[in-house]
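Engineer: Got a sequence here, can you build the structure:
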Amino acid sequence: MEKIQAEIAAIRAQIEALRLEKVAITGNHQFSCDDSSPLAIAEAYRRFARENAQLVVEVKGIDDAIAALELQLKQKQADFKGGQMQLKRMSLQEQVEEGRQQAKVHAERINELAAELALELRSALRAAAKLSLKSTADQLSVAYWQVYYKPFITGFKTISVPHVRSDGDVWTIVNRVV
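Structural biologist: Down below sits the predicted model:
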């Protein structure tokens with residue numbers, strides 16, 4: 001990209017140098033036309049070209065060089081813009097890849113934490129069962145229901161933890177039953 005920018009700058013500098021040279025060459029050789037009719041103007045230009053053939057050829061060569069350089073400048077600018085678009089696409093693709101890597105790290109951490117939580121929940125449920133909370137609740141529930149018209153203990157039918165999985169391109173977060 002920097003090479004193309006340097007080439008564009010060199011072309012612009014050369015065009016400007018040619019324009020200055022043209023002004024320097026033609027600046028001293030002005031001709032006047034007393035009559036402003038189209039025929040008189042055309043005749044004055046022809047006479048000037050005949051009298052200053054060497055100068056006219058040199059100015060024509062400078063004009064041709066400027067035209068060729070301007071065409072080359074347009075091509076280089078188009079190449080530069082195309083390169084910038086490709087660079088932006090690559091940059092966007094790199095951003096997506098970086099985001100995917102970050103998401104993968106976070107998903108792995110979520111899965112680790114979910115596994116730890118599932119393990120703790122299982123052990124807590126086993127401990128609660130050992131305390132015979134269910135038997136106490138069963139004994140108290142009937143009387144509690146008669147007094148307050150609602151159950152004494154309600155609980156989860158299932159306990160779930162988040163889990164991230166991927167089929168390669170699509171990532172899905174699901175609740176895994178513990």
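Engineer: going forward, measure contacts and count neighbours with C-alpha atoms only.
Structural biologist: Fine.
Engineer: give me the low-pLDDT residue ranges for this structure?
Structural biologist: 28-35, 127-139, 141-142, 151-161, 177-178 (pLDDT under 70).
Engineer: now the strands: where do they sit in it?
Structural biologist: 160-166, 171-177 (DSSP state E).
Engineer: Can you pull up the most central residue in the protein?
Structural biologist: Leu92 (3.9 Å; Cα atoms, centre = their mean).
Engineer: do you know how far that one is from Met85?
Structural biologist: Going from Leu92 to Met85 by Cα to Cα, to the nearest Å gives 10 Å.
Engineer: Find the residues that touch each one of those two.
Structural biologist: When contacts are counted by Cα atoms under 8 Å, 6 or more residues apart in numbering, the set common to Leu92 and Met85 is empty.
Engineer: mind listing what Arg19 touches?
Structural biologist: Taking Cα under 8 Å, 6+ apart, one finds 62, 66 in contact with Arg19.
Engineer: Packing partners of the longest helix seen in the chain?
Structural biologist: In the chain, assigned by DSSP state H, the helix with the most residues is helix 53-130. Helix 53-130 sits against helix 2-27, strand 160-166, with contacts defined as 3 or more Cα pairs under 8 Å, 6 or more residues apart in numbering; DSSP states H and E.
Engineer: Could you identify which of those is most buried?
Structural biologist: Sort the helices and strands packed on helix 53-130 by mean neighbour count, taking mean count of other Cα atoms under 10 Å, and strand 160-166 sits at the top with a mean of 16.
Engineer: Can you spell out which helices and strands pack onto that one?
Structural biologist: Identification of packing neighbours for strand 160-166 by 3+ Cα pairs under 8 Å, 6+ apart yields helix 53-130, strand 171-177.
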